[in-house]
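Student: here is the input, now give the coordinates:
(2 chains)
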Amino acid sequence: MSYKQKIKLEIEKVLNGSASDVAIERTKVKEHGDVATNIAMLLAKELKKNPLDIANEIKGKVPIDLKLISKIEIAKPGFINIVVSDHALVESLVEVFQQDVFGFALPKSKERILLEYVSANPTGDLHIGHGRQAAIGSCLGNLLRAAGYDVQNEFYINDYGEQISKLSQTAWAIYKNLNGENIEWNENFYPKELLEPFVKQAINTGIKDLNENSLGQTVKDLILKAQQNLLASFNVTFDKWFSETTLHTKNETKKVLKDLQDKGFAYDHEGAIWFKAKDFGDVRDRVLIRSDGRPTYLLADIAYHIDKFSRGYEKLITIWGADHHGQEVSLKGALKALGYDNSKLEIIFVQLVSLKQGGQEVKMSKRTGAVVTVEEVLSEVGSDAFRYFLAEPHSNNRMVFDIDLAKKQDKDNPVYYIQYAHARCCSIFRQFIQEYGSISLEKNENLFLDLLKVKDEEYIVTKSLILKILDFPEEVILAANSKSPSKIANYLKDLASDFHQFYTVCRVISKDMALTKSRLALVEALKITIANGLKILGITAPEAM
RNA sequence: GCGCCCGUAGCUCAGUGGAUAGAGCAACCGCCUUCUAAGCGGUCGGUCGAACGUUCAAAUCGUUUCGGGCGCGCCA
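Tutor: Numbers count the residues shown, from 1 in each chain, chains lettered A, B, ... in the order given. Below is the predicted model:
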């Protein structure tokens, strides 16, 4: 049990049931102690008493000893400021070694969640916006797993309908052109430069029954494979690739349509079939079946989300580009119309990405001059920086990807700053082994005993580092609850900063062997914490840099 | 016009209703005979876009307003 938990219980015991769930928060300023609670102010109204009096009353009843709390002070409006005892901190630190994965909850101890993201069309390159969705989605999946959720990562393949026939037509035209035929280039076609390599590759695979359709399917599969490889190259992997086509072949779309019609939420108009989206707050009704009989994207997406529910997930998270937010109301409306609890579907909108290089906003594409691809930026900055920079700003914020900064290898670049802290830890162990041959650390609370028996500046930086390490499990929970992997990134920056300060002030390897061992153990605990945090971000934790 | 997102230091951004709003960059000044200077310390820098409201307490919640982005297809 963490020291915070113990303090919480201690205060709740004193309050004797008059308040539950007392919040114990880390303080920002050292003068306010290590942790504080606002419970006295919250109780003031209810008890019709002065918060300062309540605070003092609580203070009088909480035991002060070296086991848990070494000091309590009451401040202005009614804060109860607490200094945690060295003993309690040192004792908590052992938990870093005792847990399977420090900071992570028991795997699959919480709800089943289906997390869908990227879901780009298999008709071409992934652009940097897809890259951001991929980075955020992948980090969020890792984060939710770390918090104990049973997460399935899924990519929805839009392999049906308009863009696929367009793809087939383009591929067929390129094929005929390669055979010397003069073809008429349709302005609706996809860019030739983009597809030609795939068409050549497709022909080389030796398609049996070569025609427009089979060529298109083969090209689509090749593009999909290329997307999969590209995503995997920056650690974005999926548990399932869900084909839209299956929804149509299994008549799931037809079933949805019929259900909506039976329940009176669909009607015919001008040859098309419409969903009464306005009844659910949308600005207009939406087409489900076009007048030529083809189903719309919306109909398939409704069927897809119903399929997710039918697979027994308690919670659905879907990540979309911000330019798709107009679709949210109709999708959720249709789910509600069909009797599903649409509050179980959470759509996260990821804002757009622009690029900066040489202090200027740039258009990086060599091909079209407009779209910036994942490939271009990734090859430029590498997987770790790519993931970090895209996932660090909150998804609600538009972001500027600074390529120069992402490539920099010093403290300006947070990726290197954090990784360097990890490498430094490893370096200390290498140094110790070089001097003494081997390390034996008995990982019990006695190991840390000497850690805080130091003075002044050494005490301050050591204690700060311990407190920060011990914050990690709670940071994981908070980040998961708010679905913000960026919180983990920010935490790691702070953690690395606390370590670099510690490193500057405190020498780990010294003549004092007891202190040396204590500090080695602290460094080990830190190393584990950084590595676990980086694991959530899907970034490597280098042993040396 | 309606809807969603965003306005915090010169720049990029943190900040689950709490205390004196924080980092990094940029600018200036310091710190390597000792475990990685890919590091550390210091100085400078703010009417949290604005106004009203709720609250013991608002950058945070509510309403209004100004500014920016996106969306409002029988496209996906």
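Student: quick check, A:Phe102 in a strand?
Tutor: No: counting by DSSP: H, G, I helix; E, B strand; the rest coil, A:Phe102 falls outside a strand, being coil.
Student: and stretch A:297-317, anywhere near RNA strand B?
Tutor: Yes: residues of stretch A:297-317 contacting RNA strand B under CB under 7 Å from any atom of the strand: A:297-298. No exception for glycine: its C-beta is placed from N, CA and C like everyone else's.
Student: got the CA positions of stretch A:158-174 in PDB?
Tutor: Backbone C-alpha positions of stretch A:158-174 (Å, rounded to 0.1, in the frame of the first residue of the first chain) are rendered in PDB as follows:
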ATOM      1  CA  ASN A 158     -12.500   0.700 -46.000                       C
ATOM      2  CA  ASP A 159     -12.200  -1.900 -48.800                       C
ATOM      3  CA  TYR A 160     -15.600  -1.500 -50.300                       C
ATOM      4  CA  GLY A 161     -17.400   0.900 -52.500                       C
ATOM      5  CA  GLU A 162     -16.400   4.000 -54.400                       C
ATOM      6  CA  GLN A 163     -12.800   4.400 -53.600                       C
ATOM      7  CA  ILE A 164     -12.100   0.800 -54.400                       C
ATOM      8  CA  SER A 165     -13.700   0.900 -57.800                       C
ATOM      9  CA  LYS A 166     -11.800   4.100 -58.400                       C
ATOM     10  CA  LEU A 167      -8.700   2.300 -57.400                       C
ATOM     11  CA  SER A 168      -9.400  -0.500 -59.800                       C
ATOM     12  CA  GLN A 169     -10.100   1.800 -62.600                       C
ATOM     13  CA  THR A 170      -6.900   3.700 -62.000                       C
ATOM     14  CA  ALA A 171      -4.900   0.500 -61.700                       C
ATOM     15  CA  TRP A 172      -6.400  -0.900 -64.900                       C
ATOM     16  CA  ALA A 173      -5.600   2.200 -66.800                       C
ATOM     17  CA  ILE A 174      -2.000   2.100 -65.600                       C
END
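Student: what lies in contact with that stretch?
Tutor: Residues outside stretch A:158-174 that contact it (CB atoms under 8 Å, 6 or more residues apart in numbering): A:119-123, A:183-186, A:188-190, A:192, A:195-196, A:198-199, A:202, A:211-213, A:215-217, A:219-220, A:224, A:243-245, A:247-248, A:294-295, A:297, A:300.
Student: outside of stretch A:193-204 itself, list whatever touches it.
Tutor: A:124-125, A:167, A:170-171, A:174-175, A:178, A:210, A:215, A:218-219, A:222-223, A:226, A:367.
Student: now do stretch A:6-20
Tutor: Residues contacting stretch A:6-20 (CB under 8 Å, 6+ apart): A:22, A:24, A:35, A:37, A:39, A:42-43, A:47, A:58, A:61-63, A:68-69, A:80, A:82, A:84, A:88.
Student: filter those by proximity to RNA strand B?
Tutor: Near RNA strand B, by the rule CB under 7 Å from any atom of the strand, you find A:Leu42 out of the contacts of stretch A:6-20.
Student: narrow the contacts of stretch A:158-174 to those in helices?
Tutor: A:192, A:195-196, A:198-199, A:202, A:212-213, A:215-217, A:219-220, A:224, A:244-245, A:247-248, A:297, A:300 (DSSP state H).
Student: please pick the buried ones from those.
Tutor: A:195-196, A:198-199, A:202, A:212, A:215-217, A:219-220, A:224, A:244-245, A:247-248, A:300 (16 or more other CB atoms under 10 Å).
Student: low-confidence ranges in the stretch 351-500 of chain A?
Tutor: By pLDDT under 70, the low-scoring segments of the stretch 351-500 of chain A are A:358-370.
Student: what residues does it have near RNA strand B?
Tutor: So the stretch 351-500 of chain A meets RNA strand B at A:351-352, A:393-394, A:396-400, A:402, A:409-412, A:416-417, A:420, A:423-424, A:426-428, A:430-431, A:478, A:482, A:484, A:486-487, A:490, A:493, A:497, A:500 (CB under 7 Å from any atom of the strand).
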